[in-house]
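*Asks:* Provided below for reference: sequence and predicted model.
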Amino acid sequence: GAVVSQHPSRVICKSGTSVKIECRSLDFQATTMFWYRQFPKKSLMLMATSNEGSKATYEQGVEKDKFLINHASLTLSTLTVTSAHPEDSSFYICSARDHSSGNTIYFGEGSWLTVV
Amino acid sequence: AQSVTQPDIHITVSEGASLELRCNYSYGATPYLFWYVQSPGQGLQLLLKYFSGDTLVQGIKGFEAEFKRSQSSFNLRKPSVHWSDAAEYFCAVLTGTASKLTFGTGTRLQVTL
């Protein structure tokens, strides 16, 4: 099946610094990717929709200047958490839509971010 | 607005027993429905999906789900549960031209030996 890969799987950063998480579709092209945040024992919260070649669409309440999303190619979207704070510590998951299989959406393995 | 309800937050079954996880959706048009499984600290793995056609769909790991339009349901079933099935299960509906997934709150499955 289609594979979506995230990197890094775990990252620790200091408060005030920025950290970038990559999401790649390995065997299909994805014009649309999605970024989610998941709190412990909770469901996924959609943060934004990443569109190749255009600006991301952010969900209500998500700070676009803090969570920068870039979708520069059909196989790569990046999420940059800027000026990170401890409350940004979370599990971030991306997903990508595979047009070749209809509307199937595949998820990455997730990235644990810890801000200290 | 679309929504997905998973009424059972936590279910415990014995290994070898049958399993049914409930999912109800609210969406005006024909839905695209998914079941995903998440092990602790991991991403989501697609179990199965329904887009159209046969309302009984087969997935990986011996899971199946049945789409019932009259009941707005898409329940996940497995005839015999294995200890390795213990995980969090999410039902989701795909909506709108932006293809956003709306998730249920999840059902945590515990399997006793």
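*Replies:* Sure, I can see it.
*Asks:* how about stretch B:70-86 and chain A, touching?
*Replies:* No. Contact of stretch B:70-86 with chain A is not found when judged by Cβ under 8 Å from any Cβ of the partner chain; the minimum separation is 14.5 Å. To be clear about C-beta, it is placed using only N, CA and C from the backbone, and glycine gets the same treatment.
*Asks:* which other residues reach that stretch?
*Replies:* Residues outside stretch B:70-86 that contact it (Cβ atoms under 8 Å, 6 or more residues apart in numbering or on different chains) are B:13-26, B:31, B:33, B:35, B:47-48, B:50, B:61-68, B:89, B:91, B:109-111, B:113.
*Asks:* what's in contact with the helix-or-strand element of chain B with minimal mean pLDDT?
*Replies:* The weakest-scoring helix or strand in chain B, judged by mean pLDDT, DSSP states H and E, is strand B:100-103 (a mean of 87). The contact list for strand B:100-103 (Cβ under 8 Å, 6+ apart) reads A:34, A:43-44, A:46, A:49, A:95, A:105, B:2-4, B:34, B:90-95.
*Asks:* of the contacts of stretch B:70-86, grab the buried ones for ChimeraX.
*Replies:* Per 16 or more other Cβ atoms under 10 Å in any protein chain shown, the buried members of the contacts of stretch B:70-86 correspond to this ChimeraX selection:
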select /B:13,19,21,22,23,24,25,31,33,35,47,48,50,63,64,65,66,67,89,91,109,111
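*Asks:* what ranges in the chain fall below the confidence cut-off?
*Replies:* Chain wasn't specified; assuming chain A. For chain A, applying pLDDT under 70 flags the ranges A:1-2.
*Asks:* you looked at the wrong chain, it should be chain B
*Replies:* Low-confidence segments of chain B (pLDDT under 70): B:96-98.
*Asks:* and the strands in it?
*Replies:* Secondary structure of chain B, counting by DSSP state E: strands at B:3-5, B:10-14, B:19-21, B:24-26, B:32-38, B:44-50, B:56-58, B:64-68, B:73-78, B:87-95, B:100-103, B:107-112.
*Asks:* will you turn those into CSV that also has distance to A:Ala30?
*Replies:* Conversion of these to CSV gives the following (distance: least, Cβ to Cβ, whole Å):
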stretch, distance to A:Ala30
strand B:3-5, 23
strand B:10-14, 33
strand B:19-21, 28
strand B:24-26, 25
strand B:32-38, 16
strand B:44-50, 15
strand B:56-58, 23
strand B:64-68, 25
strand B:73-78, 25
strand B:87-95, 15
strand B:100-103, 14
strand B:107-112, 28
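*Asks:* these: which one's closest to A:Leu26?
*Replies:* Within those, the stretch nearest A:Leu26 is strand B:44-50; the backing value is 14.8 Å (Cβ to Cβ).
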